[in-house]
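J.: Next one to model:
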Amino acid sequence: MVSELRFDGKVVIVTGAGGGLGKSHALLFASRGARVVVNDLGGSMHGDGQSQKAADAVVAEIREAGGEAVANYDSVEDGDKIVQTALDSFGRIDVVVNNAGILRDVSFHKMSVADWEIIQRVHLNGSFRVTHAAWPHMRDQGYGRIIMTASAAGIYGNFGQANYSAAKLGLLGLSNTLAIEGGRKGIHVNTIAPIAGSRLTETVLPQDLLDALKAEYVSPLVAWLCHEECNENGGLFEVGGGFFSKLRWERTKGHTVRLGRVITPETIEAHKAAITSFAEATHPDTIQGSMSPVMENVQAGPSKGGNDLVDADLALGYEYPEMTTRYDQRDLSLYALGIGAGKNPLDDGELQLVYEMHGKGFVAFPTYAVIPPMQGLIDRIRNGEQAPGLNYGLDR
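T.: Residues are numbered from 1 along each chain as shown. This is a model prediction of the structure:
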């Protein structure tokens, strides 16, 4: 049986914790022994206004349950002030959950610059500001856990949310890089793409679905990712409605053209199946893995040439599997006749090449040695087998 995962002695900042997901996160952390900074500007879902009521209500609920919490009412764009609240109140910072967000949904055609910029400021820049302020303290103590909150809209796109989608996928890029930089210092950074009923989803989801998608179904994953026993770092997780999963990138096998060859749009058209098919997909998870096919092609050097029948780059160096062929004296005799032997039936030497029962013995042409391998290749072609780079068949 798994023992309870607790956060005794840990200090947790949750932004946008006055309601919805943030409130659920804060309550769960506090119930597990964490001291929580409940941050919430108290504005509307569109980013307007300010109020202390939301954060104060969550703090009061935590304290009534016997937990420790303080409120912070700063905008995430003033991330240093939020972190300073944690330091002034509890003396350290162990966990940052970047959850604060707003919406300005509108089709791209009708989107204003203000609609675009405020979403980037709150979601992307706000998460940067809070994380950047907490980062040196986590580095110094050799420990930290950070959560970025992305969205399915950022991963897959969603009509009317170009601003939101861009910011959310930007958070994934930020998280991936911080996971690399922080991993050596004991700082783990992960991203969640939650689906939950909140004021940010009530405009796009029906009420019955909102009722089923409780924020409380998301927070356990956040808590697990932020626990000291969790080794996940640089992960992207989809979560909601009791479903938990981890995502990864997938890439087609692709097609490589050796350097020095002419590459045209028609080249891409000719190989579009290999370029777009996921039948032999790979899953790169580092920039080095992503660049591997490119570097292999560079290291292979310039193309050795070829044409539409023979690709020298692929054909040279290929080793055929072991093949078995059969021949007899009849085959040897027909070969000799085919190359002009036996024209003079009175020539005893020529007869030795074409007559199996010759008294002095039947003699084979040494050049026949090239025929059995060719027969083996023809048999392979008939069976639909072809060596790489040899683009000809019995029909050509």
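
J.: which one's the longest helix in this structure?
T.: Using DSSP state H to define each element, the chain has its longest helix at helix 162-183.

J.: where's the residue lying closest to Ile339 once chain neighbours are set aside relative to Glu64, distance?
T.: Spatial nearest neighbour of Ile339, excluding adjacent residues (C-beta to C-beta, 6 or more residues apart in numbering): Phe365 at 7.0 Å. No exception for glycine: its C-beta is placed from N, CA and C like everyone else's. Going from Phe365 to Glu64 by C-beta to C-beta, to the nearest Å gives 103 Å.

J.: Now do the contacts for the residue nearest the centre of the chain.
T.: Closest to where the C-alpha atoms of the chain average out (C-alpha atoms, centre = their mean) is Trp249, at 1.9 Å. When contacts are counted by C-beta atoms under 8 Å, 6 or more residues apart in numbering, Trp249 is found next to His283, Pro284, Asp285.

J.: Contact partners for Ala193?
T.: Applying C-beta under 8 Å, 6+ apart to Ala193 gives the contacts Thr149, Ala150, Ser151, Ala152, Gly154, Ile155, Lys168, Leu236, Phe237, Glu238, Val239, Leu247.

J.: re the thing from before, weed out the non-buried ones from the contacts of Trp249.
T.: Buried members of the contacts of Trp249, scored by 16 or more other C-beta atoms under 10 Å: none.

J.: where in the protein is pLDDT low?
T.: Within the chain, the segments meeting pLDDT under 70 span 43-49, 198-204, 308, 338, 340-362, 392-396.

J.: domain assignment for it?
T.: What automatic domain parsing lists as the domains of the chain is 11-247, 248-303, 307-396.

J.: Which of the ones you listed has the highest mean neighbour count?
T.: Compared across the domains of the chain, domain 11-247 shows the largest average neighbour count, a mean of 19 (mean count of other C-beta atoms under 10 Å).

J.: Just name the closest of the contacts of Trp249 to Phe7, please.
T.: Asp285 (28.8 Å; C-beta to C-beta).

J.: Just confirm that closest one contacts Arg248, I think it does.
T.: Yes. Under the criterion of C-beta atoms under 8 Å, Asp285 makes contact with Arg248 at 6.5 Å.

J.: What segments of the stretch 151-300 of the chain are helices?
T.: Taking DSSP state H, counting those that start in this stretch as the criterion, the stretch 151-300 of the chain contains helices spanning 152-156, 162-183, 207-212, 219-226, 265-270, 272-276, 287-300.

J.: Can you add distance to Tyr335 and give those helices back as CSV?
T.: As requested, the helices of the stretch 151-300 of the chain are exported to CSV (distance: least, C-beta to C-beta, whole Å):
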stretch, distance to Tyr335
helix 152-156, 65
helix 162-183, 66
helix 207-212, 79
helix 219-226, 74
helix 265-270, 39
helix 272-276, 41
helix 287-300, 40
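
J.: nearest to Gly33, of the ones you listed?
T.: Of all these, helix 219-226 sits nearest to Gly33, with 11.2 Å by C-beta to C-beta.

J.: what's the closest one in contact with?
T.: Residues contacting helix 219-226 (C-beta under 8 Å, 6+ apart): 5, 7, 12, 21, 24-25, 27-29, 32, 95, 97, 145, 147, 188, 190, 192, 230, 232, 235, 237, 239, 244.

J.: Okay, and Leu332 sits in which element?
T.: Using DSSP states H and E, Leu332 maps to helix 329-338.

J.: One more: Val70?
T.: Here Val70 sits within strand 68-72, counting by DSSP H and E.

J.: other SSEs contacting whichever helix or strand comes after that strand?
T.: Using DSSP H and E, the helix or strand that follows strand 68-72 in sequence is helix 79-90. Helices and strands touching helix 79-90, as assessed by 3 or more C-beta pairs under 8 Å, 6 or more residues apart in numbering; DSSP states H and E, comprise strand 11-14, strand 35-39, strand 68-72, helix 126-141.
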